[in-house]
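> Sequence first, then the predicted structure:
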Amino acid sequence: PFHAKFSVGHDAEGRLLAVHVELTSDGGWSLDLSQPILDRALFHLDNAYYLPAVHFTGRVAKTNTVSHTAFRGFGGPQGMLVIEEIVARVARACGLAPEVVRERNLYHGTGETNRTHYHEDLGDNRLPAIWAQAKTEAKFAERRREIEAWHAAHLPVKRGLAITPVKFGISFTLTHLNQAGALVHVYQDGSIALNHGGTEMGQGLNTKMAQVCADGLGIDLSYVRVTGTDTQKVPNASATSASSGADINGAAIMNATAQMRARLAPVAANMLGCKDTEVNFANNMAHGGGKSVEWTAVAKQAWMDRVGLSVAGFYMTPEIKYDFLTLTGHAFYYYCYGASVSEVEIDTRTGEYWVKAVDIVHDAGKSINPAIDKGQIEGGYVQGMGWLTMEECIWDKKGKFLTHGPSTYKIPVAGDIPEHFNVTLFDGSNLKPTPFNSKAVGEPPLMLALSTFFALRDAVSASADHQTVVHMSAPATPEKILMSCEKAKAAV
């Protein structure tokens, strides 16, 4: 849990000029990972917006509750929610639509307006393009007009619409964790045993790593078997965290397959009667000198020639090093971007709500596996939706946790998934040499759900004909929605 105090300076057109934020994180009775979580929250207090001047501070509070630790996003979601709240309030103060103020403040161009508050250039900034694509695909302006007309005929039920951006830095902020290893065994029948330092937890990592290995050796996926993560095979593995699992482990596998190709090239060259440099591995074959030979035959011959068929790969993320004492350096290797449009409906008499439609455009680079990535984006959004709308943690004054079971703590279920749920992968390769030139999809999609919270805020505001300021903290539970509607209507 986080608490934020903030003040902001802006011009009449809603452009942010200076932002002062004080974050306090509830660490519970022990520090655990609260410090690096707070660090990432401070890094992401800008979300996707250029802030000319900032004063950001953060501290961890020791309290009488259970020890709190990391979850998907690792502090990023909390920081982003704060700046989105600020932008929404600036829009209200200027009499402008929130989406207009958000668009005006996006990182853009080159130089200062494309540089973060920790002095790192975004480089390949895709925010403006993704924002425009999301608005177009979701028919945002048209739907805004339709909702305004719909309200005239539906007094107790209101709808809300919102679009929010996401910018998320990829890398461990603790530099030495940005490393990975891999082990590749080639057997004489051509089959592969692959081991890497990542943990498969249902996110499809092993499938992606098998694809990277197969691509590196020019063979079908059916040849590759991923064995269980084991520190006796790949030692000193970093946590499968910071959305870097596919990046660093995949790169280590690429290093291993490159070594294996170098070992097998002379073997294939002798079989093909060509130079080593002419050998190319593709389509389950070794090609060179106008001839081809089966992959399985090359593997068998290499074993007979006593060529080592086991290689260890290693990778360390380049370019990154951040000094927390001087607050300088390169914190992240690259950034993931996205934008989401959410439409919701609320019953102002009960506080019940329904997420009617979601349209997402997300930057996954050149995806290794689009099906897996789309599943991660959908799942991340729904998980974020739960965090922002229903998963409320309550403690009593003595620190006892009260919402400890399904009767008091609600999570999203199948019935909460919007019927209209459209996910588009942005068309563009990662400029960094990641596996397949892909981008991470672990944590960034969770923050796409911010649009759900602000769509609910928009619907509550509609209950009072948008004539008053709506204050509603996350999670926006039905109880909070009902009370916020009552307060908004009473204020008019």
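That came through, no problem. As the structure is a prediction and not an experimental result, all values here were calculated from the model.
> Residue 87 contacts residue 16, correct?
Yes - counting by Cβ atoms under 8 Å, residue 16 is a contact partner of residue 87 at 7.4 Å. The way it works is simple: take the backbone N, C-alpha and C, and place the C-beta from them, glycine included.
> anything in contact with each of these two?
49, 105 (Cβ atoms under 8 Å, 6 or more residues apart in numbering).
> who's more crowded, these two?
Taking other Cβ atoms under 10 Å, residue 87 and residue 16 do not tie; residue 87 has more neighbours (26 against 23).
> for that one, what are its contacts?
With contacts taken as Cβ under 8 Å, 6+ apart, residue 87 has the following neighbours: 16, 49, 98, 101, 102, 105.
> In terms of helix, strand or coil, where does it fall?
Recorded secondary structure, residue 87: helix (DSSP: H, G, I helix; E, B strand; the rest coil).
> confidence score at it?
You'll see residue 87 listed with a pLDDT of 98.
> ok, it to residue 186 distance?
From residue 87 over to residue 186 the distance is 54 Å, taken as Cβ to Cβ, to the nearest Å.
> do the same with residue 217
The value you get for residue 217 to residue 186, if Cβ to Cβ is used, is 8 Å.
> Now do the shared contacts for the two.
What both residue 217 and residue 186 touch, as defined by Cβ under 8 Å, 6+ apart, is the set 192, 260.
> Following the host helix or strand of residue 214 in sequence, what is the next regular element?
Assigned by DSSP states H and E, residue 214 belongs to helix 205-217. Scanning forward in sequence from helix 205-217 by DSSP H and E, the next helix or strand is strand 224-226.
> mind checking how far the helix or strand just after that next one is from the chain centre?
Heading C-terminal from strand 224-226, the first helix or strand you meet, by DSSP H and E, is helix 245-272. Centre-to-centre, helix 245-272 and its host chain are 30 Å apart (Cα atoms, centre = their mean, to the nearest Å).
> State the mean pLDDT of stretch 284-292.
Averaged across stretch 284-292, the pLDDT comes to 97.
> Just the CA trace of it, in PDB.
Provided in PDB are the C-alpha atoms of stretch 284-292 (Å, rounded to 0.1, in the frame of the first residue of the first chain):
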ATOM      1  CA  ASN A 284      16.400 -28.700 -40.400                       C
ATOM      2  CA  MET A 285      19.400 -28.700 -42.800                       C
ATOM      3  CA  ALA A 286      22.900 -27.400 -43.100                       C
ATOM      4  CA  HIS A 287      23.400 -25.600 -46.400                       C
ATOM      5  CA  GLY A 288      26.500 -24.600 -48.200                       C
ATOM      6  CA  GLY A 289      28.300 -24.800 -51.600                       C
ATOM      7  CA  GLY A 290      25.000 -25.300 -53.300                       C
ATOM      8  CA  LYS A 291      24.300 -28.500 -51.400                       C
ATOM      9  CA  SER A 292      22.400 -29.500 -48.200                       C
END
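> what about residue 412, distance to residue 9?
38 Å.
> now do residue 124
In this view, residue 124 and residue 9 are 30 Å apart by Cβ to Cβ.
> Which parts of the stretch 301-450 of the chain are strands?
Taking DSSP state E, counting those that start in this stretch, the strands of the stretch 301-450 of the chain run over residues 310-316, 321-323, 328-330, 334-347, 353-362, 420-425.
> Residue 451 is nearest to which of those strands?
Closest to residue 451 of the strands of the stretch 301-450 of the chain, according to Cβ to Cβ: strand 334-347, at 4.0 Å.
> quick revisit: neighbour count for residue 412 and residue 9, which is higher?
Under the criterion of other Cβ under 10 Å, the comparison of residue 412 against residue 9 puts residue 412 first, with 20 against 13.
> pretty sure the more buried one contacts residue 390?
Yes - Residue 412 is within contact range of residue 390, at 7.1 Å (criterion: Cβ under 8 Å).
> Quickly list what residue 314 is bridged to.
residue 181 (DSSP bridges).
> And what about residue 81, helix, strand or coil?
helix.
> can you count the residues close to it?
Neighbour count for residue 81, taken as other Cβ under 10 Å: 25.
> Show the contacting residues for it.
Residues counted as contacts of residue 81 (Cβ under 8 Å, 6+ apart) are 388, 450, 453, 474.
> Tell me the spacing between it and residue 87.
11 Å.
> just residue 59 next, same as before
As judged by Cβ to Cβ, residue 59 and residue 87 stand 24 Å apart.
> One more: residue 311?
Residue 311 is 50 Å from residue 87, where distance means Cβ to Cβ.
> With residue 123 instead?
Remark: distance between residue 123 and residue 87 (Cβ to Cβ) = 24 Å.
> re earlier: so which of the strands of the stretch 301-450 of the chain comes closest to residue 73?
Closest of these to residue 73 is strand 334-347, at 11.9 Å (criterion: Cβ to Cβ).
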